[in-house]
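> Need a 3D model of the following:
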Amino acid sequence: MTENPVTQDQVQPRPVVARLPKYAAGKPPAPVEGITAYKLSSNEIPFGPLDTVHQAVVEQSSLNRYPDPLSSKLREALSDYLDVPAEDIVTGAGSLGALTQILTTFAGQNEDGIQDEVIYAWRSFEAYPILVQSAGALPVEIPVLEDGRHDLEAMIAAVNENTSVILLCTPNNPTGPILTQAEVDDFLARVPKNVLVVLDEAYIEFVRDEKSVDGVHTYNEHENVVLLRTFSKAHGLANLRVGYSVAHPAITNHLRVMATPFAVSSIAEDAAVASLSQIDRVLERVDSLVQERERVVAALTEQGWKIPQTQANFVWLPLGEKTSEFVEQANAVALSVRGFANEGVRVSIGEVEANDRFIELCKESLHLAQS
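Coordinates of the predicted model:
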C-alpha cells in the first residue's frame, strides 16, 4: 500500500525537517526470564537522588506559579561553587537546552542567505547535527581519530569566513577521550576571536586525567569561550532537565534574549541547589562509578579489547559492522546498550552486577572485535 501523495494544499514542515537525523534515545532493557534487566544505554547514573534533593522536590508547593525565569537561586549557588559571576551563568533545560539557546543565538542563516557553519567532531553527541540544522546553520563534521579523539588539526583547517561556532565535547560522547589543556590552548590561539567555541563538559565530574582541559579557567582566559554543563549525569537529575552555560557578558546578554522562558522549573532549580549543597556526597558517588569504570576498562583490556581511553561514565566498543550483533547479544542477557549502526557500541557504567554481566558478555564476544 502506497502513501497518499503530498499535495500543495497540505501543511508542510520546513524542508530541513526531512533531512534531520532522528535522535535515538537509549532503549530500556528487554525482559529476560530469571535475569535482572539493566539499562546501560543512556549514560544515567544508577543512583537515586540524595535524600536532601528528594526532600527539596517533595516540599515544592508552588506548582501553580511560574518559576523564576532567571533561576536566580541556582545561579547564585553555581557562582559560589565555580567562583564565577552569577551574571555569567545562563540556565537551560539540561545542557541540551542550554546548547539550543547558544546555537539559536549565534548560528543560522544570515540576511544575505548564507548559512553559518558549525564545526564539531564526529562521531560525537548525536544531538549536534539536529540542533545545528534546526537553527538553520550548516553542520561541518570532522571525523574523530582512530583512538576516538578530536582531530583538532582538521577542525582548524575547516575554519573559514562562514564559521560561527565550534563545538568541543570533552570527554567526547560516545567515544570517551578528553581534550587536554595544552591542546585546547593551542587550538584557541588559532581560532578567530569572532568564532564562538563551546566546551561541552557534560561528563566533567568523571574526569581524573590531570592534563584535562579546565573549562572554568579556559572561559576566564578567552572571551569567545562558552562552558556547557549539566545536572543530568553526575548529579543524577536527568529527569528534571537542568543545565547551564557559563560565558562572559558579551555573550550571555544575547543568550538571555533567546533563552526559553521558564525552561528550568522551580522543582528542578531547588533540586539542583540541594544537590550542590551536598556536593561532597555527590562526588563520593561519582568516585565509586569511576572505580567501576576503571575495573571494567581493566577487565576489557585484559581480555584483549582495544578501546579508547575513556574519562566519562561509559566505554566505547568500536565494533563497526558487528555493532548490531553485539547489541542483540546484550539484549539476550537483559542488558540494553547504545548501538550506533556500523560504528560501535556505547555502554554506560551501571550497577556492579550489570558491569559484571557486561564484562562476561565482552569476554564471550571478543571475536566480534577481532573479525
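> hey, what's residue 138 bridged with?
Beta bridges link residue 138 to residue 117 when assigned by DSSP bridges.
> Check what pLDDT it gets.
pLDDT for residue 138: 97.
> got a list of what it touches?
Applying CB atoms under 8 Å, 6 or more residues apart in numbering, we find residue 138 in contact with 115, 116, 117, 118, 132, 162. To be clear about C-beta, it is placed using only N, CA and C from the backbone, and glycine gets the same treatment.
> please redo it, this time with the cut-off set to 10 Å
107-109, 114-119, 132, 162-164 (CB atoms under 10 Å, 6 or more residues apart in numbering).
> Which ones among the residues you listed map onto strands?
Those of the contacts of residue 138 mapping onto strands are 117, 118, 119, 163, 164, per DSSP state E.
> Just among these, which is most surrounded?
residue 118 (29 neighbours; other CB atoms under 10 Å).
> so that residue touches residue 134, yeah?
No. In this structure residue 118 lies outside contact range of residue 134 using CB atoms under 10 Å: 11.3 Å.
> what sits in contact with each of these two?
103, 108.
> Buried ones in stretch 63-76, by neighbour count?
67, 68, 70, 71, 74, 75 (16 or more other CB atoms under 10 Å).
> oh, I was asking about stretch 44-58
Quick answer for stretch 44-58 (16+ other CB under 10 Å): 44, 45, 46, 49, 50, 53, 56.
> how close does residue 316 get to residue 363?
18 Å (CB to CB, to the nearest Å).
> Looking only at neighbour counts, state which of the two leads.
residue 316 (25 against 14).
> Can you check the pLDDT for that one?
So, for residue 316, pLDDT stands at 98.
> before we move on, back to that, of the contacts of residue 138, which is the nearest to residue 181?
The closest of the contacts of residue 138 to residue 181 turns out to be residue 119 (CB to CB; 20.3 Å).
> What is the helix or strand hosting residue 81 packed up against?
Here residue 81 sits within helix 72-82, counting by DSSP states H and E. Where contact means 3 or more CB pairs under 10 Å, 6 or more residues apart in numbering; DSSP states H and E, helix 72-82 is packed against strand 89-92, helix 215-221, strand 225-230, strand 243-246, helix 266-277.
> Those: which one's closest to residue 32?
Nearest of the helices and strands packed on helix 72-82 (CB to CB): strand 225-230, 31.9 Å.
> can you give me the strands for the stretch 51-200 of the chain?
89-92, 117-122, 138-143, 163-169, 196-200 (DSSP state E, counting those that start in this stretch).
> Tabulate the CA atom coordinates of the first one in CSV.
Spelled out, it's strand 89-92. Only the C-alpha atoms of strand 89-92 are listed here, as CSV (Å, rounded to 0.1, in the frame of the first residue of the first chain):
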residue,chain,number,x,y,z
ILE,A,89,25.6,31.9,34.0
VAL,A,90,22.5,31.1,31.9
THR,A,91,20.4,28.1,32.8
GLY,A,92,18.6,25.8,30.4
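> by contact count, what packs against it?
Strand 89-92 packs on helix 72-82, helix 94-106, strand 225-230, strand 243-246, helix 249-258, helix 266-277, going by 3+ CB pairs under 10 Å, 6+ apart.
> If we use 6 Å, what do you get?
strand 243-246 (3 or more CB pairs under 6 Å, 6 or more residues apart in numbering; DSSP states H and E).
> Point out where the protein drops to low pLDDT.
1-7, 22-23, 26 (pLDDT under 70).
> returning to that earlier point: which among the strands of the stretch 51-200 of the chain is found nearest to residue 359?
strand 163-169 (26.5 Å).
> List the strands paired with that closest one, with their directions.
strand 117-122 (parallel), strand 196-200 (parallel).
> ok, and what's touching the longest one?
Here strand 117-122 makes contact (CB atoms under 6 Å, 6 or more residues apart in numbering) with 107, 128, 132, 137-144, 150, 155, 158, 162-163, 165-167.
> what about 8 Å?
103, 107, 128, 132, 137-144, 150-151, 155, 158-160, 162-169, 172.
> Ok, the last one next?
Defining contact as CB under 8 Å, 6+ apart, one finds that strand 196-200 is touched by 95, 99, 102, 106, 125, 164-170, 184, 187-188, 191, 213, 215, 218-219, 222, 224-228, 251.
> Report the contact partners of the residue lying closest to residue 320 once chain neighbours are set aside.
Distances taken as CB to CB, 6 or more residues apart in numbering place residue 342 nearest to residue 320, at 6.1 Å, with adjacent residues excluded. Listed by CB under 8 Å, 6+ apart, the contact set of residue 342 reads 320, 321, 323.
> What residue spans form the domains of the protein?
15-48+280-370, 51-278 (automatic domain parsing).
> Pull the distance from the first one to the chain's centre.
Here the centre of mass of C-alpha atoms in domain 15-48+280-370, compared against the chain's by CA atoms, centre = their mean, to the nearest Å, lies 16 Å away.
> Can you give me the end-to-end span of it?
42 Å (CA to CA, to the nearest Å).
> Compare the helices and strands packed on helix 72-82 and give me the one nearest residue 60.
helix 266-277 (5.0 Å).
> can you give me the offset of that closest one from its chain's centre?
20 Å.
> neighbouring contacts of that helix?
So helix 266-277 is contacted by 49-50, 52-53, 55-57, 59-60, 62-63, 65, 67-68, 71, 73-74, 77-78, 81, 91, 231, 235-237, 240-242, 282 (CB under 8 Å, 6+ apart).
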